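S.K.: Take a look and give me a structure for this.
(chains A, B, C and D)
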Protein chains: 2
Amino acid sequence: MFEIFEKHLRSHVAISDEDLELIHAGCVKRTIRKRQTILQDGDVWRINCFIASGCFRLFRFDNDGIDHTLRFGVDNWWISDQESYNNEKRSDYNIEALAASTVFIWTKEKWTELMEAIPALKRFNEILLAKSYEASQRRIFSLISFSAEEKYKEFQNTYPNVFNRVPLHMVASYLGISRETLSRIRKEATKHQ
Amino acid sequence: MFEIFEKHLRSHVAISDEDLELIHAGCVKRTIRKRQTILQDGDVWRINCFIASGCFRLFRFDNDGIDHTLRFGVDNWWISDQESYNNEKRSDYNIEALAASTVFIWTKEKWTELMEAIPALKRFNEILLAKSYEASQRRIFSLISFSAEEKYKEFQNTYPNVFNRVPLHMVASYLGISRETLSRIRKEATKHQ
DNA sequence: CGATTCTTTGAAAACAGTCAATCTGTGTGG
DNA sequence: CCACACAGATTGACTGTTTTCAAAGAATCG
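M.R.: Below you'll find the model as predicted:
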(Lines give C-alpha, C1' and ligand atoms only; values in the text may rest on other atoms or scores of the structure.)
Protein backbone atom coordinates (compact mmCIF):
# COMPACT_ATOMS: atom_id res chain seq x y z
CA MET A 1 0.00 0.00 0.00
CA PHE A 2 2.86 2.36 0.75
CA GLU A 3 3.89 2.25 -2.90
CA ILE A 4 0.91 4.49 -3.61
CA PHE A 5 2.49 7.14 -1.45
CA GLU A 6 5.90 6.44 -2.94
CA LYS A 7 4.59 7.05 -6.43
CA HIS A 8 2.86 10.23 -5.32
CA LEU A 9 6.00 11.56 -3.64
CA ARG A 10 8.33 10.64 -6.49
CA SER A 11 6.09 12.28 -9.03
CA HIS A 12 7.03 15.58 -7.39
CA VAL A 13 10.59 15.21 -6.15
CA ALA A 14 13.57 12.87 -6.35
CA ILE A 15 14.00 10.78 -3.20
CA SER A 16 16.62 8.13 -2.42
CA ASP A 17 15.49 4.70 -1.30
CA GLU A 18 17.07 5.30 2.10
CA ASP A 19 15.16 8.51 2.64
CA LEU A 20 11.97 6.85 1.49
CA GLU A 21 12.54 4.15 4.07
CA LEU A 22 12.96 6.80 6.75
CA ILE A 23 9.70 8.37 5.72
CA HIS A 24 8.01 4.99 5.66
CA ALA A 25 9.28 4.13 9.12
CA GLY A 26 7.87 7.39 10.47
CA CYS A 27 4.26 6.76 9.55
CA VAL A 28 1.45 4.54 10.64
CA LYS A 29 -1.12 3.03 8.33
CA ARG A 30 -4.73 3.20 9.40
CA THR A 31 -8.00 2.09 7.97
CA ILE A 32 -11.00 4.32 8.50
CA ARG A 33 -14.61 3.19 8.42
CA LYS A 34 -17.22 4.94 6.36
CA ARG A 35 -18.79 7.80 8.31
CA GLN A 36 -15.95 7.85 10.83
CA THR A 37 -14.88 11.31 11.98
CA ILE A 38 -11.14 11.89 12.12
CA LEU A 39 -11.33 15.54 13.11
CA GLN A 40 -14.00 16.94 15.41
CA ASP A 41 -14.40 20.68 15.68
CA GLY A 42 -12.86 21.91 18.91
CA ASP A 43 -9.92 19.52 18.60
CA VAL A 44 -6.49 20.42 17.27
CA TRP A 45 -5.29 18.81 14.05
CA ARG A 46 -1.77 17.53 14.72
CA ILE A 47 -1.10 15.07 11.95
CA ASN A 48 -0.34 14.78 8.26
CA CYS A 49 -2.77 12.43 6.62
CA PHE A 50 -2.22 10.98 3.15
CA ILE A 51 -5.16 9.19 1.56
CA ALA A 52 -3.94 6.01 -0.12
CA SER A 53 -7.51 5.04 -0.92
CA GLY A 54 -10.95 6.24 0.01
CA CYS A 55 -12.74 9.52 0.29
CA PHE A 56 -13.11 12.29 2.88
CA ARG A 57 -14.67 15.66 3.24
CA LEU A 58 -13.79 18.65 5.38
CA PHE A 59 -16.82 20.61 6.50
CA ARG A 60 -17.95 23.21 8.96
CA PHE A 61 -21.22 24.09 10.65
CA ASP A 62 -22.49 27.63 10.36
CA ASN A 63 -24.43 29.48 13.06
CA ASP A 64 -27.68 27.91 11.92
CA GLY A 65 -26.28 24.41 12.21
CA ILE A 66 -26.03 23.90 8.46
CA ASP A 67 -22.89 22.10 7.37
CA HIS A 68 -20.78 23.37 4.49
CA THR A 69 -18.29 21.22 2.65
CA LEU A 70 -15.03 23.09 2.21
CA ARG A 71 -13.06 20.40 0.48
CA PHE A 72 -13.00 16.78 -0.57
CA GLY A 73 -10.06 14.43 -0.42
CA VAL A 74 -9.69 11.27 -2.47
CA ASP A 75 -6.96 8.79 -3.37
CA ASN A 76 -3.50 10.32 -3.66
CA TRP A 77 -4.31 13.52 -1.92
CA TRP A 78 -4.00 14.91 1.57
CA ILE A 79 -6.67 15.98 3.95
CA SER A 80 -6.05 18.45 6.75
CA ASP A 81 -6.98 21.65 8.49
CA GLN A 82 -3.90 23.76 7.85
CA GLU A 83 -5.01 26.59 10.08
CA SER A 84 -5.36 24.33 13.10
CA TYR A 85 -2.13 22.51 12.24
CA ASN A 86 0.01 25.58 11.75
CA ASN A 87 -1.22 27.52 14.74
CA GLU A 88 -2.02 24.60 17.01
CA LYS A 89 -5.44 26.06 17.66
CA ARG A 90 -8.80 24.36 18.01
CA SER A 91 -10.33 23.60 14.67
CA ASP A 92 -13.63 24.97 13.42
CA TYR A 93 -13.89 22.06 11.04
CA ASN A 94 -14.77 18.40 10.89
CA ILE A 95 -13.29 15.72 8.69
CA GLU A 96 -15.24 12.57 8.02
CA ALA A 97 -14.76 9.56 5.79
CA LEU A 98 -17.33 9.25 3.01
CA ALA A 99 -16.15 5.72 2.28
CA ALA A 100 -13.94 3.08 3.86
CA SER A 101 -10.43 4.47 3.51
CA THR A 102 -6.78 3.71 4.04
CA VAL A 103 -4.47 6.49 5.14
CA PHE A 104 -0.86 7.03 6.17
CA ILE A 105 -0.33 9.28 9.12
CA TRP A 106 2.69 11.19 10.36
CA THR A 107 2.59 13.19 13.55
CA LYS A 108 3.52 16.84 13.25
CA GLU A 109 6.70 16.22 15.26
CA LYS A 110 7.76 13.34 13.07
CA TRP A 111 6.96 15.17 9.86
CA THR A 112 8.91 18.22 10.98
CA GLU A 113 11.85 16.02 11.90
CA LEU A 114 11.71 14.27 8.52
CA MET A 115 11.56 17.57 6.66
CA GLU A 116 14.66 18.75 8.50
CA ALA A 117 16.51 15.55 7.68
CA ILE A 118 15.36 15.29 4.05
CA PRO A 119 15.47 18.51 2.04
CA ALA A 120 13.54 16.94 -0.82
CA LEU A 121 10.66 16.22 1.54
CA LYS A 122 10.63 19.84 2.62
CA ARG A 123 10.59 20.83 -1.02
CA PHE A 124 7.72 18.42 -1.60
CA ASN A 125 5.81 20.01 1.24
CA GLU A 126 6.36 23.45 -0.26
CA ILE A 127 5.17 22.29 -3.66
CA LEU A 128 1.98 20.87 -2.19
CA LEU A 129 1.24 24.06 -0.30
CA ALA A 130 1.87 26.18 -3.37
CA LYS A 131 -0.43 23.98 -5.45
CA SER A 132 -3.13 24.06 -2.80
CA TYR A 133 -2.97 27.82 -2.71
CA GLU A 134 -3.17 28.08 -6.47
CA ALA A 135 -6.18 25.78 -6.50
CA SER A 136 -7.90 27.86 -3.83
CA GLN A 137 -7.35 31.01 -5.89
CA ARG A 138 -8.96 29.41 -8.92
CA ARG A 139 -11.84 28.27 -6.77
CA ILE A 140 -12.39 31.76 -5.43
CA PHE A 141 -12.57 33.04 -8.98
CA SER A 142 -15.22 30.51 -9.89
CA LEU A 143 -17.19 31.27 -6.73
CA ILE A 144 -17.32 35.01 -7.39
CA SER A 145 -17.77 34.89 -11.14
CA PHE A 146 -19.67 31.77 -12.17
CA SER A 147 -23.38 31.05 -12.21
CA ALA A 148 -24.61 27.93 -10.43
CA GLU A 149 -24.63 26.05 -13.72
CA GLU A 150 -21.07 27.08 -14.60
CA LYS A 151 -19.87 26.08 -11.15
CA TYR A 152 -21.42 22.68 -11.58
CA LYS A 153 -19.86 22.11 -14.99
CA GLU A 154 -16.46 23.32 -13.93
CA PHE A 155 -16.42 21.04 -10.92
CA GLN A 156 -17.51 18.09 -12.99
CA ASN A 157 -14.78 18.72 -15.54
CA THR A 158 -12.02 19.58 -13.10
CA TYR A 159 -12.61 16.84 -10.54
CA PRO A 160 -14.53 14.06 -12.30
CA ASN A 161 -13.12 11.45 -9.91
CA VAL A 162 -14.53 13.38 -6.96
CA PHE A 163 -17.76 14.27 -8.68
CA ASN A 164 -18.57 10.64 -9.39
CA ARG A 165 -17.92 9.49 -5.85
CA VAL A 166 -19.63 11.90 -3.53
CA PRO A 167 -23.33 12.55 -2.92
CA LEU A 168 -24.84 15.34 -4.95
CA HIS A 169 -25.96 17.30 -1.93
CA MET A 170 -22.35 17.54 -0.75
CA VAL A 171 -21.30 18.81 -4.15
CA ALA A 172 -24.04 21.41 -3.86
CA SER A 173 -22.75 22.42 -0.45
CA TYR A 174 -19.20 22.64 -1.83
CA LEU A 175 -20.37 24.90 -4.63
CA GLY A 176 -22.43 27.09 -2.33
CA ILE A 177 -25.81 26.28 -3.89
CA SER A 178 -28.83 24.33 -2.67
CA ARG A 179 -29.18 20.63 -3.41
CA GLU A 180 -32.49 21.22 -5.19
CA THR A 181 -30.96 23.78 -7.50
CA LEU A 182 -28.10 21.44 -8.31
CA SER A 183 -30.51 18.62 -8.98
CA ARG A 184 -32.43 20.77 -11.43
CA ILE A 185 -29.26 21.98 -13.12
CA ARG A 186 -28.06 18.45 -13.58
CA LYS A 187 -31.38 17.43 -15.05
CA GLU A 188 -31.15 20.20 -17.63
CA ALA A 189 -27.50 19.47 -18.35
CA THR A 190 -28.00 15.77 -19.03
CA LYS A 191 -30.95 16.57 -21.24
CA HIS A 192 -28.78 18.53 -23.68
CA GLN A 193 -26.11 15.96 -24.42
CA MET B 1 10.76 54.10 3.43
CA PHE B 2 12.53 50.75 3.70
CA GLU B 3 11.95 50.78 7.45
CA ILE B 4 8.31 49.94 6.69
CA PHE B 5 9.46 46.71 5.15
CA GLU B 6 11.94 46.15 7.95
CA LYS B 7 9.22 46.42 10.53
CA HIS B 8 6.98 44.06 8.57
CA LEU B 9 9.75 41.49 8.19
CA ARG B 10 10.88 41.68 11.81
CA SER B 11 7.35 41.27 13.08
CA HIS B 12 7.50 37.74 11.68
CA VAL B 13 11.10 36.58 12.01
CA ALA B 14 14.39 37.59 13.63
CA ILE B 15 16.83 39.05 11.11
CA SER B 16 20.33 40.39 11.70
CA ASP B 17 21.21 43.87 10.52
CA GLU B 18 23.69 42.42 8.03
CA ASP B 19 21.06 40.18 6.48
CA LEU B 20 18.61 43.02 6.37
CA GLU B 21 21.19 45.07 4.50
CA LEU B 22 21.60 42.24 1.99
CA ILE B 23 17.85 42.16 1.47
CA HIS B 24 17.75 45.90 1.13
CA ALA B 25 20.56 45.90 -1.42
CA GLY B 26 18.68 43.34 -3.51
CA CYS B 27 15.56 45.40 -4.08
CA VAL B 28 14.54 48.44 -6.03
CA LYS B 29 12.08 51.02 -4.84
CA ARG B 30 9.46 52.14 -7.31
CA THR B 31 6.61 54.56 -7.24
CA ILE B 32 3.47 53.63 -9.14
CA ARG B 33 0.91 56.07 -10.45
CA LYS B 34 -2.76 55.64 -9.77
CA ARG B 35 -4.38 53.47 -12.45
CA GLN B 36 -1.03 52.11 -13.58
CA THR B 37 -1.03 48.43 -14.49
CA ILE B 38 1.90 46.43 -13.15
CA LEU B 39 0.71 43.07 -14.44
CA GLN B 40 -1.09 42.63 -17.74
CA ASP B 41 -2.78 39.32 -18.48
CA GLY B 42 -0.67 37.33 -20.88
CA ASP B 43 2.57 38.40 -19.19
CA VAL B 44 4.51 36.37 -16.65
CA TRP B 45 4.82 37.66 -13.10
CA ARG B 46 8.50 37.40 -12.18
CA ILE B 47 8.87 39.63 -9.17
CA ASN B 48 8.12 39.95 -5.49
CA CYS B 49 6.34 43.16 -4.78
CA PHE B 50 5.94 44.61 -1.27
CA ILE B 51 3.56 47.52 -0.87
CA ALA B 52 5.13 50.11 1.41
CA SER B 53 2.23 52.45 0.79
CA GLY B 54 -0.69 52.62 -1.58
CA CYS B 55 -3.33 50.26 -2.85
CA PHE B 56 -3.66 47.64 -5.58
CA ARG B 57 -6.12 45.13 -6.85
CA LEU B 58 -5.69 41.85 -8.69
CA PHE B 59 -8.50 41.14 -11.12
CA ARG B 60 -9.45 38.98 -14.05
CA PHE B 61 -11.80 39.30 -16.98
CA ASP B 62 -14.34 36.57 -17.54
CA ASN B 63 -15.57 35.39 -20.96
CA ASP B 64 -18.10 38.20 -21.11
CA GLY B 65 -15.47 40.83 -20.49
CA ILE B 66 -16.60 41.53 -16.94
CA ASP B 67 -13.74 42.05 -14.50
CA HIS B 68 -13.67 40.31 -11.13
CA THR B 69 -11.51 41.48 -8.26
CA LEU B 70 -9.73 38.54 -6.68
CA ARG B 71 -7.77 40.41 -4.08
CA PHE B 72 -6.73 43.80 -2.79
CA GLY B 73 -3.33 44.79 -1.53
CA VAL B 74 -2.62 47.72 0.75
CA ASP B 75 0.23 49.04 2.90
CA ASN B 76 2.37 46.31 4.44
CA TRP B 77 1.17 43.54 2.26
CA TRP B 78 2.31 41.83 -0.91
CA ILE B 79 0.65 41.68 -4.25
CA SER B 80 1.34 38.93 -6.75
CA ASP B 81 0.04 36.20 -8.99
CA GLN B 82 1.51 33.11 -7.33
CA GLU B 83 0.39 30.76 -10.06
CA SER B 84 2.22 32.69 -12.75
CA TYR B 85 5.24 33.19 -10.50
CA ASN B 86 5.61 29.59 -9.44
CA ASN B 87 5.04 28.03 -12.82
CA GLU B 88 6.46 30.81 -14.96
CA LYS B 89 3.33 30.76 -17.07
CA ARG B 90 1.38 33.58 -18.62
CA SER B 91 -0.96 35.17 -16.14
CA ASP B 92 -4.74 35.29 -16.48
CA TYR B 93 -4.79 38.27 -14.15
CA ASN B 94 -4.14 41.98 -14.08
CA ILE B 95 -2.79 44.05 -11.23
CA GLU B 96 -3.44 47.76 -11.16
CA ALA B 97 -2.79 50.51 -8.67
CA LEU B 98 -5.91 52.05 -7.17
CA ALA B 99 -3.86 54.88 -5.69
CA ALA B 100 -0.37 56.30 -6.01
CA SER B 101 1.84 53.71 -4.37
CA THR B 102 5.38 52.95 -3.32
CA VAL B 103 6.66 49.41 -3.61
CA PHE B 104 9.85 47.44 -3.11
CA ILE B 105 10.61 44.92 -5.80
CA TRP B 106 12.87 41.88 -5.83
CA THR B 107 13.31 39.79 -8.96
CA LYS B 108 12.52 36.11 -8.63
CA GLU B 109 16.21 35.28 -9.09
CA LYS B 110 17.33 37.70 -6.42
CA TRP B 111 14.65 36.63 -3.98
CA THR B 112 15.53 32.95 -4.46
CA GLU B 113 19.18 33.76 -3.92
CA LEU B 114 18.38 35.71 -0.75
CA MET B 115 16.21 32.92 0.60
CA GLU B 116 19.05 30.47 0.10
CA ALA B 117 21.49 32.75 1.86
CA ILE B 118 19.17 33.75 4.69
CA PRO B 119 17.17 30.93 6.30
CA ALA B 120 15.03 33.37 8.24
CA LEU B 121 13.90 34.93 4.98
CA LYS B 122 12.89 31.54 3.67
CA ARG B 123 11.00 30.96 6.88
CA PHE B 124 9.33 34.34 6.44
CA ASN B 125 8.28 33.37 2.94
CA GLU B 126 6.78 30.15 4.24
CA ILE B 127 4.87 31.96 6.94
CA LEU B 128 3.39 34.37 4.42
CA LEU B 129 2.30 31.58 2.13
CA ALA B 130 0.74 29.64 5.00
CA LYS B 131 -1.15 32.73 6.14
CA SER B 132 -2.33 33.48 2.62
CA TYR B 133 -3.61 29.97 2.27
CA GLU B 134 -5.42 30.13 5.59
CA ALA B 135 -7.04 33.40 4.58
CA SER B 136 -8.17 31.93 1.29
CA GLN B 137 -9.79 29.01 3.11
CA ARG B 138 -11.73 31.37 5.34
CA ARG B 139 -12.79 33.35 2.31
CA ILE B 140 -14.05 30.24 0.57
CA PHE B 141 -16.15 29.44 3.62
CA SER B 142 -17.71 32.87 3.58
CA LEU B 143 -18.36 32.67 -0.16
CA ILE B 144 -20.20 29.36 0.07
CA SER B 145 -22.05 29.97 3.31
CA PHE B 146 -22.82 33.65 3.77
CA SER B 147 -25.61 35.76 2.36
CA ALA B 148 -24.70 38.92 0.50
CA GLU B 149 -25.32 40.95 3.64
CA GLU B 150 -23.13 38.72 5.79
CA LYS B 151 -20.34 38.86 3.23
CA TYR B 152 -20.48 42.62 3.28
CA LYS B 153 -20.35 42.85 7.05
CA GLU B 154 -17.57 40.31 7.38
CA PHE B 155 -15.45 42.13 4.84
CA GLN B 156 -16.04 45.45 6.54
CA ASN B 157 -15.07 44.03 9.92
CA THR B 158 -12.11 41.96 8.74
CA TYR B 159 -10.51 44.48 6.40
CA PRO B 160 -11.74 47.93 7.45
CA ASN B 161 -8.58 49.53 6.08
CA VAL B 162 -9.30 48.06 2.67
CA PHE B 163 -13.02 48.65 2.83
CA ASN B 164 -12.56 52.35 3.44
CA ARG B 165 -10.13 52.85 0.59
CA VAL B 166 -11.54 51.11 -2.43
CA PRO B 167 -14.60 51.89 -4.56
CA LEU B 168 -17.76 50.09 -3.56
CA HIS B 169 -18.20 48.44 -6.92
CA MET B 170 -14.85 46.72 -6.53
CA VAL B 171 -15.84 45.44 -3.11
CA ALA B 172 -19.00 44.09 -4.72
CA SER B 173 -16.93 42.38 -7.37
CA TYR B 174 -14.65 40.93 -4.68
CA LEU B 175 -17.64 39.55 -2.80
CA GLY B 176 -19.24 38.14 -5.91
CA ILE B 177 -22.36 40.32 -5.82
CA SER B 178 -23.58 43.16 -8.00
CA ARG B 179 -22.76 46.75 -7.18
CA GLU B 180 -26.44 47.63 -6.99
CA THR B 181 -27.11 44.92 -4.44
CA LEU B 182 -24.16 46.06 -2.33
CA SER B 183 -25.34 49.65 -2.50
CA ARG B 184 -28.76 48.61 -1.24
CA ILE B 185 -27.30 46.44 1.49
CA ARG B 186 -25.13 49.27 2.69
CA LYS B 187 -28.08 51.62 2.75
CA GLU B 188 -30.03 49.23 4.97
CA ALA B 189 -27.03 48.55 7.19
CA THR B 190 -26.27 52.20 7.88
CA LYS B 191 -29.93 52.81 8.63
CA HIS B 192 -29.87 50.39 11.58
CA GLN B 193 -26.94 51.76 13.56
C1' DC C 1 -16.05 73.92 -15.07
C1' DG C 2 -16.54 69.71 -17.90
C1' DA C 3 -15.43 64.98 -17.93
C1' DT C 4 -15.09 60.94 -15.77
C1' DT C 5 -15.89 57.77 -12.25
C1' DC C 6 -18.70 56.14 -8.78
C1' DT C 7 -23.08 55.46 -6.45
C1' DT C 8 -27.91 55.27 -6.06
C1' DT C 9 -32.67 54.32 -7.32
C1' DG C 10 -36.83 52.10 -9.37
C1' DA C 11 -39.07 48.56 -11.90
C1' DA C 12 -39.03 44.24 -14.06
C1' DA C 13 -37.09 39.85 -14.83
C1' DA C 14 -34.24 36.05 -13.74
C1' DC C 15 -32.51 33.21 -10.52
C1' DA C 16 -31.97 30.49 -6.51
C1' DG C 17 -33.79 29.04 -2.05
C1' DT C 18 -37.36 26.93 0.87
C1' DC C 19 -40.80 23.73 2.08
C1' DA C 20 -43.13 19.57 1.68
C1' DA C 21 -44.02 15.50 -0.51
C1' DT C 22 -42.54 11.71 -3.16
C1' DC C 23 -39.43 8.58 -5.27
C1' DT C 24 -35.28 5.59 -5.50
C1' DG C 25 -31.81 2.69 -4.20
C1' DT C 26 -29.19 0.38 -0.49
C1' DG C 27 -28.46 -2.12 3.30
C1' DT C 28 -30.06 -4.36 7.73
C1' DG C 29 -32.40 -7.29 10.73
C1' DG C 30 -36.20 -10.34 11.63
C1' DC D 1 -36.33 -13.39 1.44
C1' DC D 2 -39.14 -9.80 2.74
C1' DA D 3 -40.12 -5.69 5.26
C1' DC D 4 -38.39 -1.76 6.84
C1' DA D 5 -35.47 2.07 7.72
C1' DC D 6 -32.53 5.35 5.94
C1' DA D 7 -29.85 8.22 3.01
C1' DG D 8 -30.05 10.48 -1.09
C1' DA D 9 -32.37 12.53 -5.13
C1' DT D 10 -36.21 14.62 -7.36
C1' DT D 11 -40.30 17.43 -8.13
C1' DG D 12 -43.79 21.19 -7.83
C1' DA D 13 -45.39 25.34 -5.93
C1' DC D 14 -44.13 29.20 -3.73
C1' DT D 15 -41.21 32.79 -1.75
C1' DG D 16 -37.53 35.69 -1.54
C1' DT D 17 -33.26 37.44 -3.07
C1' DT D 18 -30.32 39.13 -6.49
C1' DT D 19 -29.48 40.68 -11.10
C1' DT D 20 -30.32 43.45 -14.95
C1' DC D 21 -31.39 47.57 -17.28
C1' DA D 22 -31.92 52.34 -17.58
C1' DA D 23 -31.62 56.66 -15.68
C1' DA D 24 -30.18 60.03 -12.65
C1' DG D 25 -27.56 61.85 -8.83
C1' DA D 26 -22.94 62.57 -6.26
C1' DA D 27 -18.23 62.99 -6.00
C1' DT D 28 -13.66 63.59 -7.74
C1' DC D 29 -10.08 65.30 -10.68
C1' DG D 30 -7.53 67.72 -14.07
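S.K.: quick one: terminal-to-terminal distance for stretch A:40-54?
M.R.: End-to-end distance of stretch A:40-54 (CA to CA, to the nearest Å): 19 Å.
S.K.: now stretch A:101-114
M.R.: First-to-last distance for stretch A:101-114 - CA to CA - comes to 25 Å.
S.K.: what's the distance between that stretch and the middle of its chain?
M.R.: Relative to its chain's centre, stretch A:101-114 lies at 15 Å (CA atoms, centre = their mean, to the nearest Å).
S.K.: where's A:A120 relative to A:I15, distance?
M.R.: 5 Å (CB to CB, to the nearest Å). For glycine as for every other residue, the C-beta is placed from the backbone atoms N, C-alpha and C.
S.K.: should've said A:L168
M.R.: A:L168 is 39 Å from A:I15, by CB to CB.
S.K.: what does A:D41 give?
M.R.: Counting by CB to CB, the gap from A:D41 to A:I15 is 35 Å.
S.K.: In terms of neighbours, single out the busier of these two.
M.R.: A:I15 (19 against 16; other CB atoms under 10 Å in any protein chain shown).
S.K.: Check whether the helix or strand of chain A with the lowest mean pLDDT comes near chain B.
M.R.: Least confident helix or strand of chain A, by mean pLDDT, DSSP states H and E, is helix A:179-191 with a mean of 89. No. Judged by CB under 8 Å from any CB of the partner chain, helix A:179-191 stays clear of chain B, getting no closer than 12.7 Å.
S.K.: Is DNA strand D within reach of that helix?
M.R.: Yes. Using CB under 7 Å from any atom of the strand, we find that helix A:179-191 touches DNA strand D at A:179-180, A:183-184, A:186-187.
S.K.: Please identify, among those, the one with the most neighbours.
M.R.: Neighbour max across the residues of helix A:179-191 next to DNA strand D (other CB under 10 Å) = A:R186, 16 neighbours.
S.K.: From A:H68, how far out is that residue?
M.R.: Distance from A:R186 to A:H68, counting by CB to CB: 20 Å.
S.K.: What ranges does chain A have for its strands?
M.R.: A:28-32, A:37-39, A:47-61, A:67-74, A:77-78, A:94-107 (DSSP state E).
S.K.: Please name whichever of those is nearest to DNA strand D.
M.R.: Closest to DNA strand D of the strands of chain A, according to CB to the nearest atom of the strand: strand A:94-107, at 7.5 Å.
S.K.: any idea how far the closest one is from the chain center?
M.R.: Computed by CA atoms, centre = their mean, the chain-centroid distance of strand A:94-107 equals 10 Å.
S.K.: for chain A, which spans come out with low pLDDT?
M.R.: A:191-193 (pLDDT under 70).
S.K.: Buried residues, the longest helix along chain A. List them.
M.R.: Ordering each helix of chain A by length in residues (DSSP state H) puts helix A:119-145 first. Neighbour counts over helix A:119-145 (16 or more other CB atoms under 10 Å in any protein chain shown) mark A:120-122, A:124-126, A:129-130, A:132-134, A:136-137, A:139-145 as buried.
S.K.: circling back: list the helices and strands the least confident helix or strand of chain A packs on?
M.R.: helix A:148-158, helix A:168-175 (3 or more CB pairs under 8 Å, 6 or more residues apart in numbering or on different chains; DSSP states H and E).
S.K.: relative orientation of that helix and helix A:168-175 in degrees?
M.R.: 100 degrees (axes from the mean of the first three to the mean of the last three CA atoms, to 10 degrees).
S.K.: got the residues of chain A near chain B?
M.R.: Residues of chain A lying close to chain B (CB under 8 Å from any CB) are A:60, A:62, A:66, A:68, A:70, A:82-83, A:86, A:126, A:129-130, A:132-134, A:136-141, A:143-145, A:173-176.
S.K.: mind redoing it with 7 Å?
M.R.: With the criterion set to CB under 7 Å from any CB of the partner chain, chain A comes near chain B through A:60, A:62, A:68, A:70, A:82-83, A:86, A:129-130, A:132-134, A:136-137, A:139-141, A:143-145, A:176.
S.K.: In contact with the residue most central in space within chain A, which residues?
M.R.: By CA atoms, centre = their mean, chain A has its centre lying nearest to A:G73, at 3.2 Å. Contacts for A:G73 (CB atoms under 7 Å, 6 or more residues apart in numbering or on different chains) come out as A:51, A:56, A:79.
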